[in-house]
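Asker: can you look at this prediction? I've put the sequence above it.
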Amino acid sequence: MAVARQHDTRADPVFDPGTIELLPSRGEYVEIARAEISAPLGPTFALGPMSKQLSAAYARDIEVMAVGCYLLDNVGVTSQGFVVRERRLLISRQLHVDQSSFVRARSFGRLLHDEDAKRRLNATAVLLTGPGHRGYGHWLVDFLPKLFVVKAAGIDPLAVSYVVPGDVPEFALRWLHLVGISEDLIERYDPYAEIVEVANLIVPTPMRTGGRAHPLLRDAAAYLGDLLNRRQGPDRPDRGPDRIFLSRPNVPGLDRMLVNRAGIERIAEAAGYTIVHPERLPITDQVAIFRGASHVAGEYGSAMHGTIFARADVSVCALRPDTLHPGFLQSGLCQVMGQTIGYVFGVGWVEGAQTRLSIADEDWQLALQMLEVRDAGARPGSRRWQHARNLAPTPIARVRMLYRRGRLRLRQTVTRLLAAGVFRSPSDAARDRS
């Protein structure tokens, strides 16, 4: 995510119970779909070091909140898409806005919740954004699907205005234009210098809670695809490669890095996967590639969330660290889209502000074998079945895998102990002796 300007929070007033107000106080809420509780989608395989803590976090994610619209009169919009009324910032769990959202936002600029710099918009407008408005994944999963919620509430999403923070990335504006929202419908505001007071504000809720997605997201993804087709024409389903590996080596501000990416990509290519760098492609090409793929593998993250445009029978495989972050939203998306997902976990460790990740070659090869075996065409004796057998790690390779995994674990432990000051490194001790 791009870095925004930093702000000295000491100049802001301390939040107290009088500065926040719970939605839908003095407003109307229209429910589109009720809340859902269900067991999370079980992965087809989970290889590598998955801890009990990680497994428990996966299993506990069972709820997705209701989907609906808040209809509010004469309220202001500021910062990352926060709603202000009578000097109070409004919170709503359904909108992913709580007091911690304000604390995080204050690191980028002053939160205006008074009468300063107020600008009036005498119109009906929609607020799509919220926390995370500079991230591609949030736009794909949280913000753009809200257009379907607006439509389900009986409002034409292509005939109303949209209040948008002025610092949204260019890709967000391209998405809005592609689905048919013209430039004259976009009302930009400076998120840390003004409040836009809207006569009638429509605030649709997201379709996901934590790592779970609402079943309605499947209809929302289809609606977004239809909007793209109206503007661009339908893409042929066979336009892209059948098997794709999503690689993101050059994404600015990415907080995770696959350190042995080159080796992982070589193995993927040998198994028939095409390496794709989605951030280098136009949005319409990205969507077309997902529509045509039968197998999607790659680094866990926002690029992989493009599977909401893929077919229901697609097989997904995500490579991620053995840490709680970044969660398991991809499982929630696959569940509502009728897709399958498997995971390959690697040892993760923190260096600076970045989580580094290393995937064992043997785990990755076994994952590719599992994907082939699951394929309906992988019958015993077939060429695809034989190819899957060839991918299986040998006993010697398994020993090497355990050895490498142990070394990575040791490195991770030593790094944490050094950071905590439990003991000094040899170089520090040598300096002290000199």
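Answerer: That came through, no problem. Predicted model only: the values in this text are computed from it and were never measured.
Asker: for the residue nearest the centre of the chain, what are its contacts?
Answerer: Centroid check for the chain by C-alpha atoms, centre = their mean gives Gly137 as the closest residue, at 3.7 Å. By C-beta atoms under 8 Å, 6 or more residues apart in numbering, the residues touching Gly137 are Gly301, Ser302, His305, Leu329. C-betas here are computed from N, CA, C, even on glycine.
Asker: mind redoing it with 6 Å?
Answerer: Ser302, His305 (C-beta atoms under 6 Å, 6 or more residues apart in numbering).
Asker: if I look at it, how far off is Gln99?
Answerer: For Gly137, the distance to Gln99 equals 23 Å [C-beta to C-beta, to the nearest Å].
Asker: next one: Tyr273
Answerer: Counting by C-beta to C-beta, the gap from Tyr273 to Gln99 is 44 Å.
Asker: picking that back up, phi, psi for the residue nearest to the centre of the chain please.
Answerer: Main-chain dihedrals, Gly137, degrees, to the nearest 10: phi -60, psi -40.
Asker: returning to that earlier point: Tyr273 and Gln99 - which one has more neighbours?
Answerer: Under the neighbour definition other C-beta atoms under 10 Å, Tyr273 and Gln99 were set side by side, and Tyr273 has more, 24 against 12.
Asker: list the contacts of stretch 53-63.
Answerer: So stretch 53-63 is in contact with Ile37, Pro40, Gly210, Gly211, Arg212, Leu324, Phe328, going by C-beta under 6 Å, 6+ apart.
Asker: what pLDDT does the residue nearest to the centre of the chain get?
Answerer: Listed pLDDT for Gly137 reads 93.
Asker: for Asp167, same thing?
Answerer: So, for Asp167, pLDDT stands at 93.
Asker: next up, phi/psi of it, please.
Answerer: Per-residue torsions, Asp167: phi -100, psi 20 (degrees, to the nearest 10).
Asker: same check on His177?
Answerer: With angles defined as degrees, to the nearest 10, His177 sits at phi -70, psi -40.
Asker: so where do the helices sit in this structure?
Answerer: Taking DSSP state H, the helices of the chain run over residues 52-60, 99-105, 136-138, 146-152, 170-178, 216-232, 261-270, 283-292, 329-337, 361-374, 383-391, 395-420, 426-433.
Asker: worst mean pLDDT among those helices?
Answerer: Among the helices of the chain, helix 383-391 carries the lowest mean pLDDT, a mean of 48.
Asker: any idea how many residues pack against Gly180?
Answerer: Residue neighbour count, defined by other C-beta under 10 Å, stands at 15 for Gly180.
Asker: ok, Ser107 next?
Answerer: For Ser107, the neighbour count with other C-beta under 10 Å is 12.
Asker: so who does Gln286 touch?
Answerer: Applying C-beta under 6 Å, 6+ apart, the residues near Gln286 are Pro278, Gly306.
Asker: ok, it to Val296 distance?
Answerer: Remark: distance between Gln286 and Val296 (C-beta to C-beta) = 12 Å.
Asker: ok, Asp142 next?
Answerer: Between Asp142 and Val296 the distance, using C-beta to C-beta, works out to 20 Å.
Asker: check Ile51 and give its pLDDT.
Answerer: Let me fix one detail, which is that residue 51 is Ser and not Ile. Per-residue confidence (pLDDT) for Ser51: 89.
Asker: identify the bridge partners of the nearest residue in space to Leu173 that is not next to it in sequence.
Answerer: Leaving out its chain neighbours, the residue that sits closest to Leu173 by C-beta to C-beta, 6 or more residues apart in numbering is Ile186, at 7.4 Å. Here Ile186 sits in beta bridges with Tyr162, as judged by DSSP bridges.
Asker: what is the neighbour count of Ile186?
Answerer: Ile186, neighbours per other C-beta under 10 Å, totals 16.
Asker: tell me if I'm right that it and Tyr162 touch.
Answerer: Yes: Ile186 lies in contact with Tyr162 (C-beta atoms under 6 Å); the separation is 5.4 Å.
Asker: quick check: Val75 touching Arg85?
Answerer: Yes: contact criterion C-beta under 6 Å: Val75 and Arg85 qualify, at 4.6 Å.
Asker: looking at these two, which one has more neighbours?
Answerer: Val75 (24 against 20).
Asker: can you give me the distance of that one to Val97?
Answerer: Here Val75 is placed at a distance of 13 Å from Val97 (C-beta to C-beta).
Asker: same question for Phe245.
Answerer: 36 Å.
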